[in-house]
Every structure is written in structure tokens, then in C-alpha cells.
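[1] Here you go, sequence then predicted model.
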Amino acid sequence: MADPAAAAITERFERARALHQQGQLEAARAIYEEVLAMQPRHFETLNLLGVLSGQSKDLQRAVEYFDKAIAVEPDNATSYCNRGLALKELHQLDPALASFKRAIALKSDDAVAYYSCGNIYKDLGQLEQALSNYDKALAINHRFAQAYFNRGLVLQQLQDLDAALSNYDRAIENKADFAEAHANRGLVLYHLGQFDAALASYDRAIAISPHHAPAYLHRGNALRELHRVDAALASYQKAVELKPDYAEAYLNRGTAFFSLKRFDAAMQSYDQAIAKKPDYADAYFNRASLRRQMKQFEAAASDYKAAAALDPGIKFIAGARLEVRTQVCDFKDFDADVARAAASVERDEPASHPFAFLTFSDSPRLQKLAAQIWVRETCPPDSSLGPIPARAPREKIRIGYFSADFRTHPVSMLIAELFELHDRSRFEITAFAFGPPANDALRVRLERAFDSFLDVGAQSDVEVALLARKLGIDIAVDLGGFTEHSRPKIFALRAAPIQVNYLGYPGTSGAPYMDYIVADGMVIPAGSRDHYSEKVIYLPNSYQVNDSTRRIPDQVLSRSELQLPENGFVFCCFNNNFKIRPDTFESWMRILGQVEHSVLWLLEDNPVTPVNLRKEAASRGIDPNRLVFAQRVLPPQHLARQRAADLFLDTAPYNAHTTGSDALRAGLPVLTLIGESFAGRVASSLLSALNLPELITSTPEEYEALAVRLATDPALLSQIRQKLERNWRTAPLFDTPLFAKHLETAYMNIFKRHQSDLPPDNIFVESN
């Protein structure tokens, strides 16, 4: 005859378990407790109460129930496994691991226990042990999708991306609707640079789980890499809608707005990221970069400081903080900060963007190190497209010019005529344009100058590189280097068999995939070649091309119209404010101190610079009103107004480049102090090509003395001006047809070497 008490216990237990399975946890708990009141050592009830408590996030209570269950049945592996899961959630990893190991000792074929051990080892950072336990779990259950997935996570952490991808694929084979596996597969493909494939994986994850906010976030990242920024923005917006506290989504949405030049919207997104996560160093860093772009330099400096305080290890932040201060000529602790940045580069640390570092250091050796670090961290060589197959010789060499600056921009103002002059019987030239949208007069002229003008701004780096290969480009010329909007990853993928660094970036790329740099004997003397990763193409005069068709308006502006004194000597420097270093400014103030009634005419990039420089002048005993600031105007007007100045004082270690040739074209003598680096020797190159070596000085003392002498000896200055007037019409600096012949000779030489299967080597073009 059946025991009525046992039957009552069984009936209540089954009713509680049914409620439990239906998700009615509190109702189930109440009946489980009735069972325990009737039979305190009822194993199944103790175990399921532990499970229920875990589901209710009452984890400590869950452990207590599992302990009681184990006391009833000490050899039950499931209770140990469940106990381990609760302890893991309590972050008590060592006791959790011991519990899982006990489960394995009791049941050696328990795949879940091995898998759980793997998870503990993963959390402890013992990744090889984690892999070993996942392997044991999979040996028992080769269809264990979650084990494949977690194994992929560990391999991803170990940077074994191909193996991680294989494991995510196995997880999906065994569980086709595994949204997390599809999403993580996308992440691996993203890091492998396979952005289209990554996008497909994210889309699959979203199709399975439409509320998967991280998949939308990472989908946006892939779209941004594919230069589909509007679509990326929509994806970030969806992530924010699904998860309103998702700080990373706000951050990336801000970056998309930034790319689209929607600065106010970008600022709002960065603010929201910081509001959601006040210790978010990356958000402060990105907001600082936006503020720098908006010329809010002091606010940018504050944000960089906050980012560095939150995460001192943020890459390149030391240089960014210093760079934003140079924009407003904040000289406080400048030399000490530069020394720290240089020491970091010396230690092979990611301290500074290479373009900013040109201003900080005149050492070509350190500049090369800074560039190599940047390449390593942001645009390393990428062999995913494979080598470019050898091509049979053709009638014409195909040159591709790649630039973000095919518009009214200093680079295009210098080089436009060259494109028009290229010998079409020997060369076919193609433009690859990827900068901001433009429809100005110079853009129209450039579009007509090329055989093909391709706007590839909406295409990914891979697509652009593949397009260049498909078009059979023989020589790819990068006109941007590491300047704004540049895309070095195109060259990292190998767009052409020969790749050349020219004009836009005055220094070495530090990249093994750039074969040549165009220079001259002044900007890269023989003793400096080791500090350039490329082989050097030596042109016979100046490396800098100039457009001989540019004309200065006939309009004559009076000094009073320009807020300059009618009488007195006018020194000027129209270089960007960030090039003005404290030591250069010291020299200028000493010069003003020795030349009565003289003024210094400078460019005003922002409203803070005049305030800072006038304070610096006053601290050196110079009347602040002797500093006059000019607003930016259109290039023709800028050329015309320079006639009102008497002498252009160059900066060091980053010289006048386009500003230097503009001044010389306007008949304004340029006094320079020659440096060691490419950027510090450009003005000397220009003056040498104009046969005006007397304006090149070697020391600060010589620079200052000659400036004073020219300002106080009208006959000497007049003699220099007359020589400049004669030379600029006949000297090679502004002889663009001659320059074109020299550069084409170089192109033919490097192409011939490549066709002969010879490695790149220094090329010396003889003067015609």
C-alpha cells in the first residue's frame, strides 16, 4: 500500500517543478518550501531551489541550497556543477573551480563541467588552461556550440584570428541561430580587414536577434571602414535606441557625425557618451579631437587632460595634448613636454602623430621612429590582396595620384599645372580623389587635367586598392602621407607595384610599402638618407613643384588697409600658428627689440593665439601692439597683400613650405634658419632653387643678425629684392615645364628598375 505522506510530497514537488518550468518562480518557491517542511533532506527540491535562487539572482542562497543538496547526496556531480555556476557569478572563482573539478572527479564524461572549468580559467587569464578544458568538453560532446564559441573568444584574445574564426564557424554549424557567434564572427572578420564579410555576419546576427545592440554597433564600425558613413550612422542610432545607456554607441555615433562634418551633432553624441559613462577616456579623447577641429583649442586641451588622467595609456595622447597647445602658441613647459614626447618615441612608444612630431623635433631619426610607430599601430602592411602579378610593358606608364586635397588647398595650388603638363605620349594619369566634397574652380580645373578623375571617397581602402590594380596603375603617388583625410591603408594593401611619397607630407612615411620619396639634395642630404624608410628620388633643383600660371592680382593694398603702420619696417610670417615655437618667437622678439618702429605681421588662425603671443611679447619687453594679426583671405588676395611686407621671417624646425614659395612669388624675401629634417630644410631648398643662398642661415644668432641687418640697411634689402625679382622669372623654382621633365625622368627610371626586376634604389635626376 502506497505511503500517503510520500505521495503528498511527490504531488507537491511535481506541481512546484511545473510552475518552475513555466517561469512562475515565487509560486514554485513557496511549494518547494512546503516540500522541505515535510522532508528537509529532499534532494531534488534542494537542488531545484538552488537553481531557482540562481535564476532570481539570489546567488548566496543558491550556494546554500546546493551545499545542502550535496550533504544529502555527496556523489552527485550535477549539484557540484550548479554550485560552481553560482559561485562563478559571485566572482568567487577559486571555490567555483574547485566545485567544477569535483564534478569532473565524480563524472569524468561531464562536458558541461569541463566547459565551466574552461570559463573559470578564461576569467583568470589562464588562457591555455581554458583551451585545454574546452577541448575536453568538445571531445565528449563534439556538437557543443557554446564550447566552440568560448574557445573562439579565447583564441581571439590570443590574437589567433583565423583559429577564432574557425571556432565561431563550428559553433554556427551546430547552432545556426547562434546570434552571438555570428556577431563575434563579424568582429574577427573586421579585425582581419574583411569588412564586407563582417557586415554580412552582423546582418545575420541581427536577423536572428533584432534587438542585439552590440551587433548594430559593430555593424556601424564595418560600414564606416567601408566609407558608408551615412549607413554607419543609422546603425549606431539603432544601437542607441535599443540600449539607451550604451556609451560606446554614442561615442561611435559621434565619430560618424564628425566624419560627416556635422560637428554640433558629434559634440552632442560625445557629451552623451560621457554622461552615460563619466570615466570614458576615449570619449574625452574624441571630444578633444572634435574641439580641436572646431578651433576650440582651450576646451580641447582640457578634454585631453581629462582623458590622460582617466587612462594614461591612451595611444598618441601625449603628442595630441602638446599639439593642441601649439595651435594657440601656449609656450608653458613647452620644451619639457617636447623632451618627454621625444623620450617616449625613443622608447618605441605610441606618443605622437607623426605630422605633429615634425613640429616638435628636428631630428630626422626620431621623426622616422615616430612614423614607424604610427604605421605599426594604425596602418601596417596588409598582404590580404596578395602580390600584384607582373605585367607586360605597355606604351604608356600609368601614374595614379592619390589625394584628399584635389580642391583649393596648398597641395593642389602647387601641383595643378604638373598634371596638365604631363607628356601624354608617355604617361597616362589618373586621379584618385577621396577628400571632402568640392566644386570650386581649382577642382574643376583638376578634373579636366587628368585622363581619368575618379572620386573614390565612398569606396573602402580595399576597393580603392583593387580598383588601382584593375586599372593597371604602375606608379601610385601618395600626395597626402599623414595629413588630414589621408588614407595610408590603401598603400598598405599595395595599390601599385611602385608607390611614391610626394609633396603633401614633408618627411618619411616610415612605411615598408612606400618605395620612394621625392626630394632634392637640400631637403635630404646624403648623410640623412638612413633616416628615411624610402629610397630617395633626387630632383636637381627643388623637390617642390610650383604652378607657374598663378598670377598675383594687380590690386595694391595700402598698409593702412591692412592695419599696418605706414612707416616702419614690417616683418611677417604667414606660417600656421602651430609652427611658432618658443625659441623662434624669442628670436623674433630680439629682432624687434633691435629694429625701432618695426612690427611683426602674423596669421591669425584663432582668437586665442593673438592673446597668448601678445602676452609673451610683453613679458619680453616688447610692446604687444607691435604684433599685427591678419585674417585668412582667398589665395589671390593673400598673394597680393604680401607686397606690403618687407621681410618674411621663417619658422624652425618646421619651415614655410607653400607659404614660402607664395612669399617669394610675391617678391617678398624669405629669411630662413636651416634645420636637420626635411620639414626644416624646405625654405632652404626654395631659396637655393632661386639662387638666393644668402638668405639661408645656420644658427639662431646668424638668423637674428641678418634679419636686423636687412631691416636697417635699405640698400642691402633692395639689392636682395631686385635679385629675387630677376630670378623668380628665370630660375628653376617656378619653371614647371622643366620640373615636369625632371619628375617624368624619375618616373621612367623607377619604372625601368621595376621592369628589370630590380629593387628600389636612390635615383639621381640630372639637370637639363
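    Here it is on my side, so go on.
[2] What is the neighbour count of residue 181?
    28 (other C-beta atoms under 10 Å). Backbone N, C-alpha and C define where each C-beta goes, glycine included.
[3] And the closest residue to it other than its chain neighbours, how far from residue 184?
    Closest residue in space to residue 181, ignoring its immediate chain neighbours: residue 171 at 4.1 Å, by C-beta to C-beta, 6 or more residues apart in numbering. Look at residue 171 and residue 184: by C-beta to C-beta, to the nearest Å, they are 9 Å apart.
[4] Could you list which residues are in contact with residue 149?
    With contact set as C-beta atoms under 8 Å, 6 or more residues apart in numbering, residue 149 has these partners: 167, 168, 171, 178, 180, 181, 184.
[5] distance of it from residue 166?
    In terms of C-beta to C-beta, residue 149 sits 12 Å off from residue 166.
[6] what do those two both touch?
    Residues touching both residue 149 and residue 166 by C-beta under 8 Å, 6+ apart: none at all.
[7] Present the contacts of residue 149 as TSV; the columns should include distance to residue 498, pLDDT and secondary structure.
    What follows is the contacts of residue 149, written out as TSV (distance: C-beta to C-beta, whole Å; pLDDT from 0 to 100; DSSP: H, G, I helix; E, B strand; the rest coil):
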residue	distance to residue 498	pLDDT	secondary structure
167	40	98	helix
168	39	98	helix
171	44	98	helix
178	46	98	coil
180	45	97	helix
181	43	98	helix
184	39	97	helix
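[8] What's the first helix or strand after the lengthiest helix in the chain?
    Criterion DSSP state H: the longest helix present in the chain is helix 736-755. Remark: after helix 736-755, the chain's next helix or strand is strand 763-764, criterion DSSP states H and E.
[9] Show me what that next one is in contact with.
    Under the criterion C-beta under 8 Å, 6+ apart, residues 516, 535, 536, 537, 538, 746, 749, 750 lie in contact with strand 763-764.
[10] Kindly report the same for stretch 293-304.
    By C-beta under 8 Å, 6+ apart, the surrounding residues in contact with stretch 293-304 are 258, 263, 267, 284-285, 287-289, 291-292, 317, 320-321, 324-325, 327-328, 330, 605-606, 608.
[11] In this structure, where is pLDDT below threshold?
    1-2 (pLDDT under 70).
[12] Domain parsing of it, as residue ranges.
    By the record's domain assignment, the chain is partitioned as 4-247, 266-378, 397-539, 560-734 (automatic domain parsing).
[13] quick revisit: what's the ChimeraX line that selects buried ones from the contacts of strand 763-764?
    To isolate the buried members of the contacts of strand 763-764 in ChimeraX, using 16 or more other C-beta atoms under 10 Å:
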select :516,535,536,537,538,746,750
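[14] circling back: nearest to residue 6, of the contacts of residue 149?
    Comparing those against residue 6 with C-beta to C-beta picks out residue 178 as the nearest, at 43.3 Å.
[15] how close does that closest one get to residue 167?
    12 Å.
[16] Which residue of the two possesses the greater neighbour count?
    Neighbours around residue 178 and residue 167, counted as other C-beta under 10 Å, are more numerous at residue 167. The numbers are 26 against 23.
[17] Grab the nearest non-local neighbour of that one.
    Distance criterion C-beta to C-beta, 6+ apart; nearest residue to residue 167, sequence neighbours excluded, is residue 152 at 3.6 Å.
[18] Next, find the distance separating that neighbour from residue 169.
    Counting by C-beta to C-beta - residue 152 and residue 169 are separated by 9 Å.
[19] same thing with residue 452?
    The separation that residue 452 has from residue 169, given C-beta to C-beta, amounts to 41 Å.
[20] Wait, residue 432 touches residue 454, no?
    Yes - between residue 432 and residue 454 a contact is recorded at 5.5 Å, counting by C-beta atoms under 8 Å.
[21] Identify the contacts common to those two.
    Shared contacts of residue 432 and residue 454 (C-beta under 8 Å, 6+ apart): residue 467.
[22] of the two, who's got more company?
    When residue 432 and residue 454 are compared for neighbours, residue 432 comes out ahead with 31 against 18, by other C-beta under 10 Å.
[23] what's near enough to touch that one?
    Residues in contact with residue 432 (C-beta under 8 Å, 6+ apart) are 400, 401, 402, 403, 454, 456, 464, 467, 468, 490.
[24] Grab the nearest non-local neighbour of the second one.
    Counting by C-beta to C-beta, 6+ apart, residue 401 lies nearest to residue 477, which is 5.0 Å off, once chain neighbours are set aside.
[25] Assumed that neighbour was part of a strand.
    Yes - judged by DSSP: H, G, I helix; E, B strand; the rest coil, residue 477 forms part of a strand.
[26] partners of it in the sheet?
    Assessed by DSSP bridges, residue 477 has beta-bridge partners residue 401, residue 500.
[27] Report the contact partners of the spatially most central residue of the chain.
    The residue lying closest to the centre of the chain (C-alpha atoms, centre = their mean) is residue 378, at 6.2 Å. By C-beta under 8 Å, 6+ apart, the contact list for residue 378 reads residue 488.
[28] try 10 Å
    Taking C-beta atoms under 10 Å, 6 or more residues apart in numbering, we find residue 378 in contact with 315, 316, 350, 353, 482, 488, 489, 492.
[29] how near is it to residue 528?
    From residue 378 across to residue 528, the span is 25 Å (C-beta to C-beta).
[30] picking that back up, pick out whichever of residue 152 and residue 169 has more residues nearby.
    The residue with more neighbours, out of residue 152 and residue 169, is residue 152; 27 against 14, by other C-beta under 10 Å.
[31] quick one: contacts for the closest residue to residue 236 other than its chain neighbours?
    Take residue 236 and drop its neighbours on the chain: the residue closest to it by C-beta to C-beta, 6+ apart is residue 253, 3.8 Å away. Taking C-beta under 10 Å, 6+ apart, we find residue 253 in contact with 217, 220, 232-237, 239-240, 246, 265-266, 268-270, 272-273.
[32] Pull out the buried positions in stretch 463-480.
    Here stretch 463-480 shows 463-465, 467-469, 471, 473-480 as buried, counting by 16+ other C-beta under 10 Å.
[33] from these, which single one is nearest residue 337?
    Among the buried residues of stretch 463-480, and counting by C-beta to C-beta, the member closest to residue 337 is residue 480, at 27.3 Å.
[34] Could you confirm that closest one falls within a strand?
    No - applying three-state DSSP, one finds residue 480 to be coil, outside a strand.
[35] hey, where'd the helices end up in the stretch 251-400 of the chain?
    Using DSSP state H, counting those that start in this stretch, the helices of the stretch 251-400 of the chain run over residues 263-276, 281-293, 297-310, 317-327, 334-346, 354-360, 364-378.
[36] Out of these, which gets nearest to residue 656?
    helix 354-360 (13.2 Å).
[37] which stretches of the protein form strands?
    In the chain, the strands defined using DSSP state E lie at 397-403, 427-433, 452-455, 475-478, 498-501, 516-520, 535-539, 570-573, 599-603, 627-630, 647-649, 670-673, 696-697, 763-764.
[38] can I get those in JSON lines with distance to residue 66?
    As requested, the strands of the chain are arranged in JSON lines below (distance: least, C-beta to C-beta, whole Å):
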{"stretch": "strand 397-403", "distance to residue 66": "64"}
{"stretch": "strand 427-433", "distance to residue 66": "65"}
{"stretch": "strand 452-455", "distance to residue 66": "65"}
{"stretch": "strand 475-478", "distance to residue 66": "64"}
{"stretch": "strand 498-501", "distance to residue 66": "64"}
{"stretch": "strand 516-520", "distance to residue 66": "69"}
{"stretch": "strand 535-539", "distance to residue 66": "70"}
{"stretch": "strand 570-573", "distance to residue 66": "77"}
{"stretch": "strand 599-603", "distance to residue 66": "74"}
{"stretch": "strand 627-630", "distance to residue 66": "76"}
{"stretch": "strand 647-649", "distance to residue 66": "80"}
{"stretch": "strand 670-673", "distance to residue 66": "78"}
{"stretch": "strand 696-697", "distance to residue 66": "83"}
{"stretch": "strand 763-764", "distance to residue 66": "76"}
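[39] Alright, that wraps it up for me.
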